[in-house]
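# pasting the sequence and the predicted coordinates here, then a few questions.
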Amino acid sequence: MRAIVVHRFGDPSVLSVEEIPTPTPGSGQVQVKVQAAGVNPVDTYIRSGRYGTLPTLPFIPGSDGAGTIIALGTGVTQWAIGDRVFFHGTTLGRPYGAYAEVAVCDGDKVFRLPANVGFGHGAAIGVPYATAHLALFGKANAKPGEIVLVHGASGGVGIAAVQLARSKGLGVIGTAGTDDGLELVRANGAHFAVSHRAALYHDQIREAASHGRGPDIILEMLANENLDSDLDMVAAKGRIVVVGNRGRVEIDPRKVMAKDLTIMGVFLWGVSAEDLAAIYLDVARGLEQGVLVPVVGQEFPLEAAVSAHEAVINHPAYGKVVLIPNQK
């Protein structure tokens, strides 16, 4: 099979297309023909070697994908050949390996893909929707009627957060950096959207959130640039959840003390299999009901993995970037 293999950590040029043996499923595992693989910012951090937990070289990147089950390992009874699934986590190059024509997954790492969801959209579910769900409900304990600011709402996690928050009865404010991004944020359920490049946009957010009180919750996609100003915007007793960060940041702890704030981080890889399954069960309900609709911004063939990694970091965020391994 063809796969993207990384033999050394570095820039996107280390992503190479190679022919390697097709993995076979062991006990409790399934073999999936990968129709689409999700490209997440964390994939680029791992590829570069700048991540807390790194795989053993060589490895196949990617944790998210969608496709069809083509073989079953011994002891697998909950799945059948031909089932349409999305997955988060593979066993080849554990926990990576979605950037390939075929992946092998533990049976509890695959989830049924609703008939109304295409494979490309299925590949956009894994990390984005689980991260957004965990940030909103597992960390911030978001409740209906509260107001959430999704700071960087036009990317994969941001759109997932907007949809999830709206579906659970929260007021939603989203920021983006382009007109297209702002339109995307509004189209996916935000009650108010504002450019984070606009002058005085912090004041606009505060005014939109309960007439100056500020949002109860902030999901922060770029903490190194925004965390200090988030402390000014958030309401008293508010919660700030750090989803993304690309550098160090200086803050004034007095702001945290004066408002009795809580700052939390999200680390999806530390979530138990049981909790992750519960998250995806809730997400699957939303997908079937049509209240959650993944947005795919760009699709690339497997051979263009370098361009996909550049796009997910350097281009304005607009939905999910996916690879199409079995593009015949």
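Here it is on my side, so go on. Quantities reported herein were computed from a predicted structural model and do not represent experimental measurements.
# in contact with residue 300, which residues?
Going by CB atoms under 8 Å, 6 or more residues apart in numbering, residue 300 touches 39, 307, 308, 311, 321, 322, 323, 324. (Each C-beta comes from the backbone N, C-alpha and C, glycine too.)
# repeat that with 10 Å
Applying CB atoms under 10 Å, 6 or more residues apart in numbering, we find residue 300 in contact with 37, 39, 306, 307, 308, 309, 311, 321, 322, 323, 324, 327.
# and it, that's in a strand?
Yes - under DSSP: H, G, I helix; E, B strand; the rest coil, residue 300 sits within a strand.
# is the closest residue to it other than its chain neighbours in a helix, a strand, or coil?
Residue nearest to residue 300 in three dimensions, not counting chain neighbours: residue 308, with 4.4 Å by CB to CB, 6 or more residues apart in numbering. Recorded secondary structure, residue 308: helix (three-state DSSP).
# mind listing what's buried along the least confident helix or strand in the chain by mean pLDDT?
Using mean pLDDT, DSSP states H and E, helix 201-208 stands out as the lowest-scoring helix or strand of the chain, at a mean of 88. Within helix 201-208, the residues scored as buried using 16 or more other CB atoms under 10 Å are 202, 204, 205, 206, 208.
# identify the residues contacting the fourth one.
Just to be clear, that refers to residue 206. Counting by CB under 10 Å, 6+ apart, residue 206 makes contact with 149, 173, 212, 213, 214, 215, 232, 233, 234, 235.
# next: residue 5.
Contacts of residue 5 were listed using CB under 10 Å, 6+ apart, and they are 14-20, 57-61, 93, 99-100.
# now the two most distant members of those.
The most widely separated members of these are 19 and 57, with 18.5 Å between them, by CB to CB.
# what about those two, which has more around it?
Neighbour count, other CB atoms under 10 Å: between residue 19 and residue 57, residue 57 has more, with 13 against 10.
# that one in helix, strand or coil?
Counting by three-state DSSP, the backbone at residue 57 sits in coil.
# tell me the phi and psi of the closest residue to it other than its chain neighbours?
Distances taken as CB to CB, 6+ apart put residue 7 closest to residue 57, at 6.1 Å, once the chain neighbours are dropped. Note on residue 7: its backbone torsions stand at phi -100, psi -20 [degrees, to the nearest 10].
# mind jotting down where the strands sit in the stretch 1-150 of the chain?
2-5, 16-19, 29-39, 64-72, 84-88, 102-106, 110-112, 147-151 (DSSP state E, counting those that start in this stretch).
# what about the closest residue to residue 288 other than its chain neighbours, neighbour count?
Leaving aside its sequence neighbours, residue 288 sits nearest to residue 114 (CB to CB, 6+ apart; 4.7 Å). Residues within reach of residue 114, counting by other CB under 10 Å, total 18.
# ok, which of the strands of the stretch 1-150 of the chain comes nearest residue 193?
strand 147-151 (9.6 Å).
# what angle separates the very next helix or strand once past that closest one from strand 29-39?
Going down the chain from strand 147-151, the next helix or strand is helix 156-167, by DSSP states H and E. Interaxial angle, helix 156-167 versus strand 29-39 (axes from the mean of the first three to the mean of the last three CA atoms, to 10 degrees): 100 degrees.
# and helix 156-167, what's buried?
By neighbour count on 16+ other CB under 10 Å, the buried set for helix 156-167 is 156, 157, 158, 159, 160, 161, 162, 163, 164, 165, 166.
# quick revisit: distance of the residue nearest to residue 288 from residue 297?
Separation of residue 114 from residue 297 (CB to CB, to the nearest Å): 21 Å.
# one more: residue 253?
Taking CB to CB, one finds residue 253 at 37 Å from residue 297.
# the more surrounded of the two?
For residue 253 versus residue 297, neighbours defined as other CB under 10 Å are more numerous around residue 297 (22 against 10).
# need the residue closest to the centroid of the protein.
In the chain, the C-alpha nearest the mean C-alpha coordinate belongs to residue 128, at 1.8 Å (CA atoms, centre = their mean).
# find the nearest non-adjacent residue to it, please.
Among residues not flanking residue 128 along the chain, residue 156 sits closest, at 3.9 Å (CB to CB, 6+ apart).
# contacting residues for the one you found?
Contacts of residue 156 by CB under 10 Å, 6+ apart are 38-41, 64, 124-129, 131-132, 294-297, 312, 317-322.
# mind running it again at 8 Å?
Shown in contact with residue 156 (CB under 8 Å, 6+ apart): 38, 40, 124, 127, 128, 295, 317, 319, 320, 321.
# can you give me the pLDDT of it?
Looking at residue 156, its pLDDT is 89.
# between the two ends of stretch 264-284, what distance do you get?
26 Å (CA to CA, to the nearest Å).
# what comes up buried for that stretch?
Buried residues in stretch 264-284, defined by neighbour count with 16+ other CB under 10 Å: 266, 268, 271, 276, 279, 280, 282, 283, 284.
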